[in-house]
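Asker: Generate a structure from the sequence data that follows.
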Amino acid sequence: MKVDEEATTAVLNRLRRAQGQLAGVIAMIEAGRDCKDVVTQLAAVSRALDRAGFKILASGMRQCLAAGADGPPMSEEELEKLFLTLA
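Answerer: Down below sits the predicted model:
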């Protein structure tokens, strides 16, 4: 599945944001910050990664459902498994 250009930009922005947030979590742990603050920031990283994954799935849904050069179309079970991977 290939992500279209517009979605690629959005996904990359979300991943870069998550990368920065993750660096912040690491710094918080190294500095001995409060557990509540660390977990809150870690949850934000997780949401950013989930949103990037959902954007990739949403932008490539047509490609997943249609037969392409990479092989046969994905089955309903395969699509469900892909979605559940992010759940």
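
Asker: Name the residues of the one helix or strand T9 maps to that are buried.
Answerer: Secondary structure assignment for T9, by DSSP states H and E: helix 5-30. Going by neighbour count (16 or more other CB atoms under 10 Å), the buried part of helix 5-30 is A7, V11, R14, L15, R17, A18, Q21, L22, G24, V25, M28. Backbone N, C-alpha and C define where each C-beta goes, glycine included.

Asker: Next one: K55 from L86, what distance?
Answerer: 11 Å (CB to CB, to the nearest Å).

Asker: between the two, which one's more packed in?
Answerer: When neighbours are counted by other CB atoms under 10 Å, K55 and L86 differ, and K55 comes out ahead with 18 against 13.

Asker: That one and L12, how far apart?
Answerer: K55 sits 10 Å away from L12, taking CB to CB as the criterion.

Asker: ditto for S75
Answerer: For S75, the distance to L12 - CB to CB - is 29 Å.

Asker: E6 now?
Answerer: Taking CB to CB, one finds E6 at 11 Å from L12.

Asker: chain center to stretch 4-12: distance?
Answerer: 12 Å (CA atoms, centre = their mean, to the nearest Å).

Asker: For that stretch, C-alpha coordinates in PDB please.
Answerer: Presented in PDB, the C-alpha positions along stretch 4-12 are these (Å, rounded to 0.1, in the frame of the first residue of the first chain):
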ATOM      1  CA  ASP A   4      -0.500   9.500  -1.400                       C
ATOM      2  CA  GLU A   5       1.600  12.700  -1.200                       C
ATOM      3  CA  GLU A   6      -0.900  14.800   0.800                       C
ATOM      4  CA  ALA A   7      -1.300  12.000   3.400                       C
ATOM      5  CA  THR A   8       2.500  11.400   3.500                       C
ATOM      6  CA  THR A   9       3.100  15.000   4.600                       C
ATOM      7  CA  ALA A  10       0.500  14.700   7.400                       C
ATOM      8  CA  VAL A  11       1.900  11.400   8.500                       C
ATOM      9  CA  LEU A  12       5.400  12.700   8.600                       C
END
